[in-house]
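Engineer: after the sequence you'll find the predicted model.
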Amino acid sequence: MSSQPLLPSNHPEHIASVIASKRRILFTTILTTVLLIAGIIFVSVKGEGVPSSKDPLKLANYYLKSSPVIDGHIDLPIFARAGFGNNIDNMDLYGDLKNRYGLISHLNIPKARKGHLGGFFWSIYIDCPKDAGPDFLTPYNGPRDTLEQIDVAMNLMDKYSDVFQLCKTADEVMEAVASGKIASLMGMEGAHSLGNSLGALRMFHALGVRYMTLTHGCNNAFADSGGIFQPVTPHWGGLSDLGKDLIFEMNRLGVFIDLSHVSDQTALDALSITRAPVILSHSCARAFNNISRNVPDEVLSKLGRGKHKVDGVVMVNFLPTFAAPGGVGVDVKTIADHVEYIASKTSRDHVGIGSDFDGIDAVPRGLEDVSMYPNLFAELITRGWKQDELAGLAGGNLLRAMRGMEATSLKMKQEGKKPSMAVYAKRTDL
Ligand SMILES: *[C@@H]1O[C@H](CO)[C@@H](O)[C@H](O)[C@H]1NC(C)=O
Ligand SMILES: [Zn+2]
């Protein structure tokens with residue numbers, strides 16, 4: 001399916017042009033001088049040796065150099081919690097980290113550099129409450145633990161401040177990548193982290209959180225979850241009343257609504273009222289594996305460009321048991337199939353990568369860790385994907401959606417929309 005070109009300012013290749021611009025000014029000055037002296041009227045400049053499409057991996061690496069991957073979901077913070085009690089003194093991101101289950105981290109700095117990882121959302125995740133109670137009011141330490149996950153993410157960014165740079169806007173992502181840093185965004189995974197409070201959402205936003213998944217594998221005061229391998233019994237039938245206020249507040253603040261993990265009805269409800277582009281930060285297509293965690297065609301049909309559609313990006317998850325029934329035979333081609341299928345239902349401008357690395361206990365053959373992204377791009381080159389489409393998949397589509405999300409926030413503030421004072425009706429303390 002063909003796709004319109006991205007706006008130049010959104011195009012990841014622009015990242016390369018930012019880096020190159022200073023060099024180019026110097027080059028232009030020298031070139032002009034040479035031309036004047038020589039009196040040459042016309043020169044043709046030879047191409048810079050673009051690798052042949054006969055070597056797709058080399059070509060993929062060449063493309064990714066100027067359009068690096070911005071992954072929608074990497075679970076390094078929960079890896080730090082489970083494996084190291086959040087003690088970053090014991091974490092060497094230049095080596096292989098091993099968590100308490102013996103799993104080796106999918107991300108370290110050398111692997112990230114090798115795989116052209118230009119940025120990612122650090123997943124701020126804590127477990128659902130064991131028993132939230134019938135009205136989600138059982139007290140638990142979720143909001144504290146969520147703050148600890150933001151703390152460990154920020155501590156790691158500080159420890160390796162020559163590598164990571166905290167980013168809160170699409171422009172900041174561009175700047176970080178242009179200066180050779182790995183752009184570091186934060187996304188919260190599950191509104192159960194909010195303790196039923198919109199005030200808490202505003203404070204997480206103030207700390208830098210730029211997406212929130214409406215649920216994890218449990219229902220919460222705002223919305224119903226899709227469950228993981230089995231559906232969970234709906235509590236609200238989609239969004240609750242407070243959930244609708246949450247959508248408004250996320251739009252107004254400038255926090256992406258993430259529809260991974262949610263029930264189909266929650267996704268449809270959110271899409272019917274959001275004013276901003278949405279994401280699915282780490283989801284596979286249900287067409288290949290009929291589990292509730294995967295995104296159904298009905299939701300995909302609402303995403304894209306044009307009337308009655310919402311702009312957004314579906315970022316494909318690498319977990320084999322999501323990609324295919326039982327996780328059997330999943331390799332880089334399987335993941336490419338998901339990318340192409342989602343693109344066929346939306347467009348190539350609405351796909352991205354949300355590997356779920358460091359949060360998954362199995363990986364596809366050929367996509368074992370963050371050093372391996374180029375294999376996926378090489379596979380798509382063999383299937384006819386062009387440079388601008390691959391740049392969009394890598395990160396350009398996400399940045400376009402993020403600018404749209406930021407623009408909605410600005411517009412709502414210009415319209416005078418005030419912070420929502422909605423309070424969860426079941427609370428009695430406020
Ligand atoms: C998918 O699974 C659901 C149960 O979760 C079932 O109702 C539905 O018929 C299945 N669809 C297909 C195409 O098998
Ligand atoms: Zn998840």
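Structural biologist: Looks like it came in fine. Ligands and ions are numbered 1, 2, ... in the order given.
Engineer: which parts of the stretch 151-300 of the chain are strands?
Structural biologist: Per DSSP state E, counting those that start in this stretch, the stretch 151-300 of the chain carries strands over the ranges 164-166, 182-189, 209-213, 256-258, 278-280.
Engineer: okay, those strands in TSV with distance to S197 next?
Structural biologist: Heads up, the C-betas are built off the backbone N, CA and C, glycines and all. Putting the strands of the stretch 151-300 of the chain into TSV (distance: least, Cβ to Cβ, whole Å) gives the following:
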stretch	distance to S197
strand 164-166	24
strand 182-189	13
strand 209-213	13
strand 256-258	17
strand 278-280	22
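Engineer: avg pLDDT for the helix or strand in which Y63 is found?
Structural biologist: Element membership for Y63, per DSSP states H and E: helix 56-66. Averaged over helix 56-66, pLDDT sits at 98.
Engineer: can I get the helix or strand that it is followed by in PDB, CA atoms only?
Structural biologist: Downstream of helix 56-66, the first helix or strand assigned by DSSP H and E is strand 69-74. Output in PDB follows, covering the C-alpha atoms of strand 69-74 (Å, rounded to 0.1, in the frame of the first residue of the first chain):
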ATOM      1  CA  VAL A  69      14.800   3.000  15.800                       C
ATOM      2  CA  ILE A  70      12.700   4.600  18.500                       C
ATOM      3  CA  ASP A  71      11.200   1.600  20.400                       C
ATOM      4  CA  GLY A  72       7.800   2.100  22.000                       C
ATOM      5  CA  HIS A  73       8.400  -0.300  24.900                       C
ATOM      6  CA  ILE A  74      11.500  -1.500  26.700                       C
END
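Engineer: distance from the helix or strand that comes right after strand 69-74 to the middle of the chain?
Structural biologist: Under the assignment DSSP H and E, the closest C-terminal helix or strand after strand 69-74 is helix 76-84. Distance of helix 76-84 from the chain centroid (Cα atoms, centre = their mean, to the nearest Å) equals 19 Å.
Engineer: repeat that for stretch 310-319.
Structural biologist: Worked out by Cα atoms, centre = their mean, stretch 310-319 lies 8 Å from the chain centre.
Engineer: can you tell me the centre-most residue of this protein?
Structural biologist: In the chain, the centroid-proximal residue (Cα atoms, centre = their mean) is G72; its distance is 1.7 Å.
Engineer: roughly how far does that one sit from D96?
Structural biologist: 24 Å (Cβ to Cβ, to the nearest Å).
Engineer: residues of stretch 408-416 that come out buried?
Structural biologist: Using 16 or more other Cβ atoms under 10 Å as the test for burial, stretch 408-416 gives 408-409, 412.
Engineer: re earlier: what comes up buried for the helix holding Y63?
Structural biologist: 56, 58-64, 66.
Engineer: G199: which of those residues is nearest?
Structural biologist: L64 (40.9 Å; Cβ to Cβ).
Engineer: neighbours of the closest residue to the closest one other than its chain neighbours, how many?
Structural biologist: Distances taken as Cβ to Cβ, 6 or more residues apart in numbering place H116 nearest to L64, at 3.7 Å, with adjacent residues excluded. For H116, the neighbour count with other Cβ atoms under 10 Å is 21.
Engineer: kindly report the same for the one 3 residues further on.
Structural biologist: Neighbour count of G119, defined by other Cβ under 10 Å: 25.
Engineer: assign it to helix, strand or coil.
Structural biologist: Classification of G119 by DSSP: H, G, I helix; E, B strand; the rest coil places it in strand.
Engineer: show me what it is bridged to.
Structural biologist: G119 has these beta-bridge partners by DSSP bridges: I70, A183.
Engineer: what's the pLDDT at it?
Structural biologist: Per-residue confidence (pLDDT) for G119: 98.
Engineer: just A223 next, same as before
Structural biologist: 98.
Engineer: right, and it touches L194 too?
Structural biologist: No: contact criterion Cβ atoms under 8 Å: A223 and L194 do not qualify, at 11.3 Å.
Engineer: between those two, who's got more neighbours?
Structural biologist: Per other Cβ under 10 Å, whichever of A223 and L194 has more neighbours is A223, with 32 against 24.
Engineer: tell me the one of the buried residues of helix 56-66 nearest D127?
Structural biologist: Comparing the buried residues of helix 56-66 against D127 with Cβ to Cβ places L64 closest, at 34.4 Å.
Engineer: could you pull up the residues touching the closest one?
Structural biologist: Counting by Cβ atoms under 8 Å, 6 or more residues apart in numbering, L64 touches 116, 373-374, 377, 394.
Engineer: how about R202?
Structural biologist: Taking Cβ under 8 Å, 6+ apart as the test, what R202 contacts is 249, 253, 419.
Engineer: do the same with I273
Structural biologist: I273 neighbours (Cβ under 8 Å, 6+ apart): 244, 247-248.
Engineer: buried sites along stretch 278-294?
Structural biologist: 278-289, 291-294.
Engineer: tell me how many other residues surround V351.
Structural biologist: V351: 24 surrounding residues under other Cβ under 10 Å.
Engineer: hmm, I was thinking of T428
Structural biologist: For T428, using other Cβ under 10 Å, the count is 6.
Engineer: what values do phi and psi take at it?
Structural biologist: T428 adopts backbone torsions of phi -120, psi 0, taken as degrees, to the nearest 10.
Engineer: just I124 next, same as before
Structural biologist: Backbone torsions of I124, given as degrees, to the nearest 10, read phi -100, psi 90.
Engineer: just the buried subset of the contacts of R202, please.
Structural biologist: 249, 253.
Engineer: just send the contacts of R202 back as CSV, with distance to L398 and pLDDT too.
Structural biologist: Putting these into CSV (distance: Cβ to Cβ, whole Å; pLDDT from 0 to 100) gives the following:
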residue, distance to L398, pLDDT
E249, 22, 98
L253, 18, 98
P419, 27, 98
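Engineer: next up, the contacts around L214.
Structural biologist: 190-191, 222-223, 239, 243, 246, 257-259, 261-262, 266, 270.
Engineer: re the thing from before, export the buried residues of stretch 408-416 as a markdown table, with columns for distance to L103 and secondary structure.
Structural biologist: What follows is these, written out as a markdown table (distance: Cβ to Cβ, whole Å; DSSP: H, G, I helix; E, B strand; the rest coil):
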| residue | distance to L103 | secondary structure |
| --- | --- | --- |
| T408 | 38 | helix |
| S409 | 37 | helix |
| M412 | 42 | helix |
